[in-house]
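Novice: Pasting a predicted model and its sequence here:
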Amino acid sequence: MTSVTISVNGTSQARQVEPRLLLVHFLRETLGLTGTHVGCDTSQCGACTVLLDGEAVKSCSLFAVQADGRSVTTIEGLAKDGKLHPMQEGFWEKHGLQCGFCTPGMIISACQILERNPNPSEAEIRRGLEGNMCRCTGYANIVKAVQHAAGNMADRGAR
Amino acid sequence: MAATERLFGSSIKRREDPRLITGKGVYVDDVKLPATTYASFVRSPHAHARIKAIDSSAARKLPGVVAVYTGKELSAGGVKSLPVGWLLPNIKLPPHLPLAVDRARYMGDAVAVVIAESPYVARDAADLVDVDYEPLPVVTDAVRATEAGAPKLHDEAPDNVSFRWSLGDKDKTDAAFRGAARVVKEHFVNHRLIPNAIEPRAALASANPATGEITLWVTTQNPHVHRLLMAAFVLGIPEHKLRVISPDVGGGFGSKIFVYPEECVVTWASRALGRPVKWTAERRESFMTDAHGRDHQTDAEMALDADGHILGLRVKSTVNLGAYLSLFAPSVPTYLYGTLLAGAYRTPAIHVEVTGAFTNTTPVDAYRGAGRPEACYVVERMVDLAAKELGVDPVELRRRNFIAPEQFPYQTPVAVMYDSGNYTAALDKALEILNYGAFRREQDKLRQQGRYLGVGFSTYVEACGLAPSQVAGALGAQAGLYESATVRVHPTGKVTVFTGSHSHGQGHETTFAQVAADELGLPMEDIEIVHGDTAQVPFGMGTYGSRSGPVGGAAIYMGLQKIKDKGKKIAAHLLEASENDVVYEGGKFSVKGSPNRSKTFGDVALMAYLAHNLPKGLEPGLEAISFFDPGNFVFPFGTHIAVVEVERETGKVKLVRYIAVDDLGRVINPMIVDGMVQGGIVQGVAQALWEEAIYDENGQLVTGSMMNYALPRADDVVTPELARTETPTPVNPLGVKGAGETGTIASTAAVANAVVDALAPFGIKHLDMPFTPGRVWEAIRSSGR
């Protein structure tokens, strides 16, 4: 067992973990943050996407020990003070989800897109979502959700 | 209480979303119980092999391993074959044991299970189970499986044939061909697909040895069906002692209808161990073991007169069933396929023959559309081929053969009676969006510049809400096809509606609340929709075949009428009026003509439970259960148009535009329906362009992960342009048809027709899907043009 200290959604979490424990299982099983999902085990589907030091990563392809001393944001950490993040609002407003399973990873990736480019074109959004698969929506409303969030975030000047 | 605005027809934001966008949904793998153990399955790496011996001693020695079970132990423990839910005449039903005994018949067939204190240990131990296999000859192709000398899978089906089935008037069809001016023939391969719901299947069973009760959380589209079949057929446990909970479920597309080995094994093991047992599929297991879809090989012939009127259609399909019969496998390529071969056309004579064959591949069952996409593909490709042969525009040939609006209800020659339709209206609307004339001019112009655009049409008809139960039963269904709803009014006037259908993305918690709020004149906040728990919902057939709205929604509507009827009796008594004089509107019971003499819904609900002053003989309480068994299917229809561009140098096909005009009857929530249509379209487009399950000659699934099975990504597709016409159905009181599968049913054929249209300058009349760059490039190259 190895000691890790990972800041998760702003809270420092010190735990003993098996060296082979995947970051996604650390979040889901050790911390009980089940909003981050496992869809494919091979880093294609993106359901497990979280932010690691602000960078979108696939938590099924990292060991928890690789996140030692670093900071992780999961879907549970996006809403602040009971107020949804504009990207969450966008997904709700534009019906960017159906079964909801890909949604947490999709929202995290979409946040990263706007982080890098506050005003992306449709093509840029679609390219930015390449690492996240959705089987329900056909992506059309996910694109609209990201556009909606981009508009709102620009209006509020909050990013 | 003010009369609320009508919610039916409004794009209300979904009530399920706040939990799902904040990571607070609860899917099966999110459920945590104390002392849980974890299952990992040992699966055959061979497509066909005799199991000579299983040595699990090394696995058992690994610290943390709780148990290892093989098929022999399960059989000794009373575990029986998985059931088949639809029987056909003379069908061969070889057993399908949850863990194979003696012989594995496809790559991934489970032969043992390891149960351990952690999922990591379970996986480690599964690798230590030593299975001595003797590989056997393999057959993966359905036609090849039916030929002499093919490897045999089951003693019960010595020719590998499970069933031969036919529908339609053969003599009449033969006569139509004799009298035909033109006959068009083609061979079609409708290739195999892998569903890939993004949530992998999962099951968590928790047996309580003290009470004998078992709770099973499982990713199912139909929890009551799961309970009934597992209890009565597989495990032999009393139905009332098994509770099945299907919480948030991450997509189904058919693949979560069926009873699979894994949930049976963990349920049995939980009883054996007295501890919870959990299994969550790894994606490689989803690829190997979720029931696959399609896999038809078809010869079709269409007879036409000189004016382009279709006279007859003859279809012979050999369909791949995989290694075992999955739950509804017999119904998909027969009654859900043959009955849709009339399409939107007045074809007077149709005959279809289907042979269902076993092969050493994953079992095949219903996958979004289930039989209907295969039928639509055959019909719509044949119409295009006929148009080409006759030199008639494909739109014109369709128009010439459409069933006219005044011909409904329309009896087809393949057993079904279409409820309602106006096919020309949908076509006209779609053509207008496309601007067809301008498109053809542009296409000509670009061809001269070496750019190859194509347009493809799919003027589909599909069938949802399979019904009525009596007819389905006569055709072989081993289940009823009604839906149940219970409306429970609480003493404060708040309402819980329990539906037997199940939402795994469809948004029932929103749409069904819209229906209930409208009928009761209450705000949506006063209404809760409950689904997915056999302990709460009395009974249900679940969600598949686009049945939730037309059958499940209608059941709720019927239950609400019963509530209003009883409410009127109570209100009339309280208002000292005749029941016939009481009207219910805007959440109030009032006396006709004297709107001030009224009682609110809440007043009446309270009195129903106080029971201090009820009409003589009336039972207290305000609750109703309804079972709605529709008199017929409903038949959505529409026109889908795909525009593609083929790059000559690479063979790459790009989807340029996609237009869909659907007629789904009345629409409860347009936003939700658009979402389902969009997603369905992309799933069907993906079959035409990218997705294909491929086995090699040894029966190895070559496309066994998301790395080599081409699921569509955001930048592969365009936003579909959607519109609707609205022809209500008389089949249910809501006037709704189904919306979940139309996109998938229509779009594959539309894209296929578009690609072939784009390739017309190369003299290409047909090409099998998927239109991967290599395949298209090769076809262009071989054309020599």
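Specialist: Good, I have the coordinates.

Novice: Return the backbone torsion pair for the closest residue to chain B within chain A.
Specialist: Nearest residue of chain A to chain B (C-beta to the nearest C-beta) works out as A:Gly35 at 1.8 Å. Placement of C-beta: from N, CA and C, glycine included. With angles defined as degrees, to the nearest 10, A:Gly35 sits at phi -70, psi -30.

Novice: gap between it and B:Ala714?
Specialist: 21 Å (C-beta to C-beta, to the nearest Å).

Novice: Could you do B:Val653 as well?
Specialist: Taking C-beta to C-beta, one finds B:Val653 at 17 Å from B:Ala714.

Novice: Can you pull the poorly scored residue ranges out of chain A?
Specialist: A:157-159 (pLDDT under 70).

Novice: An error on my part: the question was meant for chain B.
Specialist: B:1-4.

Novice: Identify the residue of it closest to chain A, quick one.
Specialist: For chain B, C-beta to the nearest C-beta, closest residue to chain A: B:Gly23, 1.8 Å.

Novice: Count the residues that sit near the residue nearest to that residue when sequence neighbours are not counted.
Specialist: Nearest residue to B:Gly23 in three dimensions, chain neighbours excluded: A:Gly35, at 1.8 Å (C-beta to C-beta, 6 or more residues apart in numbering or on different chains). Counted with other C-beta atoms under 10 Å in any protein chain shown, residues neighbouring A:Gly35 total 25.

Novice: so A:Gly35 makes contact with B:Thr22?
Specialist: Yes: using C-beta atoms under 8 Å, A:Gly35 is in contact with B:Thr22, at 7.1 Å.

Novice: For the residue nearest to the spatial centre of chain A, give me its contacts.
Specialist: For chain A, the residue nearest the mean C-alpha position is A:Ile108 (2.7 Å; C-alpha atoms, centre = their mean). Going by C-beta atoms under 8 Å, 6 or more residues apart in numbering or on different chains, A:Ile108 touches A:49-51, A:56, A:73-75, A:78.

Novice: For A:Gly35 and B:Thr22, list the residues in contact with both.
Specialist: A:75-76.

Novice: How about B:Ala291: what's its closest non-neighbour residue?
Specialist: Using C-beta to C-beta, 6+ apart, the nearest residue to B:Ala291 is B:Asp365, at 3.7 Å.

Novice: now swap in A:Ala47 and tell me
Specialist: A:Ala47's closest residue in space is A:Gly39 (C-beta to C-beta, 6+ apart), at 3.5 Å.

Novice: one step back: just give the number of residues close to the residue of chain B closest to chain A.
Specialist: 23.

Novice: which residues in chain A form strands?
Specialist: Secondary structure of chain A by DSSP state E: the strands cover A:2-8, A:11-17, A:49-52, A:55-58, A:71-73.

Novice: Please enumerate the helices of chain A.
Specialist: Secondary structure of chain A by DSSP state H: the helices cover A:23-25, A:86-93, A:103-116, A:122-128, A:140-156.

Novice: which one of these lies closest to B:Gln561?
Specialist: Closest of the helices of chain A to B:Gln561 is helix A:86-93, at 32.7 Å (criterion: C-beta to C-beta).

Novice: May I have the closest one as CSV, with CA atoms only?
Specialist: Output of helix A:86-93 as CSV, limited to C-alpha atoms (Å, rounded to 0.1, in the frame of the first residue of the first chain):
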residue,chain,number,x,y,z
PRO,A,86,-22.9,27.3,-16.8
MET,A,87,-21.9,24.1,-18.6
GLN,A,88,-24.3,22.1,-16.4
GLU,A,89,-27.0,24.6,-17.1
GLY,A,90,-26.2,24.4,-20.8
PHE,A,91,-26.7,20.6,-20.8
TRP,A,92,-30.0,20.9,-19.0
GLU,A,93,-31.3,23.8,-21.1
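
Novice: Now do the nearest residue to B:Asn160 once chain neighbours are set aside against B:Leu193, distance only.
Specialist: Spatially, and ignoring its direct neighbours in sequence, B:Asn160 is nearest to B:Ala145 (4.3 Å; C-beta to C-beta, 6+ apart). Going from B:Ala145 to B:Leu193 by C-beta to C-beta gives 19 Å.

Novice: for B:Ile54, same thing?
Specialist: Distance, B:Ile54 to B:Leu193, by C-beta to C-beta: 33 Å.

Novice: Which one's more surrounded, these two?
Specialist: Applying other C-beta under 10 Å to B:Ile54 and B:Leu193 shows that B:Leu193 carries more neighbours, namely 25 against 19.

Novice: Can you list phi and psi of the more buried one for me?
Specialist: Torsion angles at B:Leu193 (phi, psi; degrees, to the nearest 10) stand at phi -120, psi 160.
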